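A.B. asks: Quick one: sequence and predicted model below, then my questions.
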Amino acid sequence: MTGVICLGVALWRTVGRRRVLLSIAIGSIAGVIVFLWRASANVAALNRDGIPGFSANDWLAPVLVFVALSLFGALVPPSDPGRFRQVLAAATLTAFAVNVITI
């Protein structure tokens, strides 16, 4: 879900010739990062809710999405950095919301 929503947000906010490829990359990175984190960190200690409704996994997944997309943005500079930052913020919030609501 994270990847699909991030793909949609990226298609909406990005501009330029590489818009579709950039959007697919953003959605793929966000989706893969959340999947890998949840698959590798699915242990009882990280799934216990310290705050009711919020586990350590819920808090860390969006951080990893932010870091991964920031690295991607540094390696493949976007044509409009301001819009990329908006996509980065939306992807981070999306990863948090999806992890809290659906997982």
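C.D. replies: Okay, I see it. What you see is a predicted model; the values in this text were computed from it and never measured.
A.B. asks: Can you tell me which helix or strand of the chain has the lowest average pLDDT?
C.D. replies: helix 44-47 (a mean of 74; mean pLDDT, DSSP states H and E).
A.B. asks: which other helices and strands contact that one?
C.D. replies: helix 56-75 (3 or more CB pairs under 8 Å, 6 or more residues apart in numbering; DSSP states H and E). Yep, even glycine has a C-beta here, placed from its N, CA and C like the rest.
A.B. asks: Next secondary structure element downstream of the helix it packs on?
C.D. replies: Next helix or strand after helix 56-75 toward the C-terminus (DSSP states H and E): helix 81-102.
A.B. asks: who's in contact with the least confident helix or strand of the chain?
C.D. replies: 55-57 (CB atoms under 8 Å, 6 or more residues apart in numbering).
A.B. asks: Output those residues in JSON lines; the columns should cover pLDDT and distance to Val87.
C.D. replies: Below are these laid out as JSON lines (pLDDT from 0 to 100; distance: CB to CB, whole Å):
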{"residue": "Ser55", "pLDDT": "82", "distance to Val87": "26"}
{"residue": "Ala56", "pLDDT": "82", "distance to Val87": "26"}
{"residue": "Asn57", "pLDDT": "82", "distance to Val87": "23"}
